[in-house]
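[1] Sequence plus the predicted model coming up.
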Amino acid sequence: MTAMLENQALTLADGRNVPVSIRRSTRARRILLHVGVYDGTVELVLPPGASVREGLSFARTQTRWVAAQLARVGNGVPFTDGAILPILGQPVTIRRSDSRSALPVLHEDVLLVGGRDDTLPSRVRRWVRGRALDEIKPRAERMGQDLGRAPARITMRDTRSRWGSCSRAGNLNFSWRLVMAPENVLDYVVAHEVAHLREMNHSPRFWALVDTICHDVTDARGWLRKHGAELHRYGRDG
Ligand SMILES: [Zn+2]
């Protein structure tokens, strides 16, 4: 059993105030501090009997560790005027335009976004998601053809634990954030899920199949391990 308590702030050595959410856990054996690897949220977990004050004084002894974890996560890159996001690994700058059209338009390396200010971030997000589907769908269909298996439905998600998945019914799900990774990485994840249409496992047969439709498996997997979490910075405030 866990219960949310209140929100507090932790002051780091550089003067930054970081919000800390406090949670009680009957299973925790000691006071724990977590920093989310994808979003940099800081959580303090209190075991039975520990007070908020004790928890916070423990957290204050860990500020260097918290700062180091936050540095690894990186700052958020909110979708606003002037922000730079990668599309297929290439930088694209968001530019506010006078156009009244709500639909963002990509012009070379600039994404022109008109319409209302307050809905700009959500419209950019939707555009990136649409762009992801436009890149992923034809690839999945082509690779499916190569393997003699057509994917059923292809859906974009914002998943944290995995980049793609394949259901028994042959539906493929992908994180729309993959469209911000280099192209060979996107190709690899699509190949991986399409190969599951024939082999629902990670056997040597499965990997041999992936190799027939994708040539950069080792590089792409290495990139995801090293840089994958960075893709979660985009569209995040702070
Ligand atoms: Zn898999």
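    Perfect, I can see it now.

[2] And the pLDDT at the residue in the chain sticking out farthest from the centre?
    Largest separation from the mean C-alpha position in the chain: residue 49, at 35.9 Å (Cα atoms, centre = their mean). We have a pLDDT of 93 for residue 49.

[3] where along this protein do the strands fall?
    Under the criterion DSSP state E, the chain carries strands at the ranges 2-11, 17-25, 32-35, 42-46, 84-87, 90-96, 105-107, 110-113, 154-157, 164-166, 172-175.

[4] And those strands, which one averages the lowest pLDDT?
    strand 2-11 (a mean of 72).

[5] domain assignment for the chain?
    2-73, 84-233 (automatic domain parsing).

[6] Give me whichever of those domains is most buried.
    domain 84-233 (a mean of 16; mean count of other Cβ atoms under 10 Å). Just so you know, the C-beta spots here come from the backbone N, C-alpha and C atoms, and that holds for glycine as well.

[7] Below-threshold pLDDT in the chain: ranges please.
    1-6, 238 (pLDDT under 70).

[8] Could you pull out the helices in it for me?
    Listed in chain order, the helices of the chain (DSSP state H) span residues 52-60, 63-73, 120-147, 183-195, 204-213, 217-227.

[9] hang on, the earlier thing: in TSV, list the strands of the chain along with distance to residue 199.
    Listed next are those as TSV, based on distance: least, Cβ to Cβ, whole Å:
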stretch	distance to residue 199
strand 2-11	39
strand 17-25	40
strand 32-35	36
strand 42-46	38
strand 84-87	31
strand 90-96	33
strand 105-107	36
strand 110-113	38
strand 154-157	19
strand 164-166	10
strand 172-175	14
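
[10] out of those, nearest to residue 237?
    Taking Cβ to Cβ, strand 17-25 is the member of these nearest to residue 237, at 11.8 Å.

[11] how far is the closest one from where the chain is centred?
    22 Å (Cα atoms, centre = their mean, to the nearest Å).

[12] just the CA coordinates of that strand, formatted as CSV?
    The C-alpha atoms that make up strand 17-25 are tabulated as CSV, following Å, rounded to 0.1, in the frame of the first residue of the first chain:
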residue,chain,number,x,y,z
ASN,A,17,14.8,24.3,-6.3
VAL,A,18,13.7,20.9,-7.4
PRO,A,19,10.1,19.7,-6.6
VAL,A,20,10.0,16.5,-4.6
SER,A,21,6.9,14.3,-4.4
ILE,A,22,6.6,12.3,-1.2
ARG,A,23,5.1,8.9,-1.0
ARG,A,24,4.6,6.5,1.9
SER,A,25,5.2,2.9,1.3
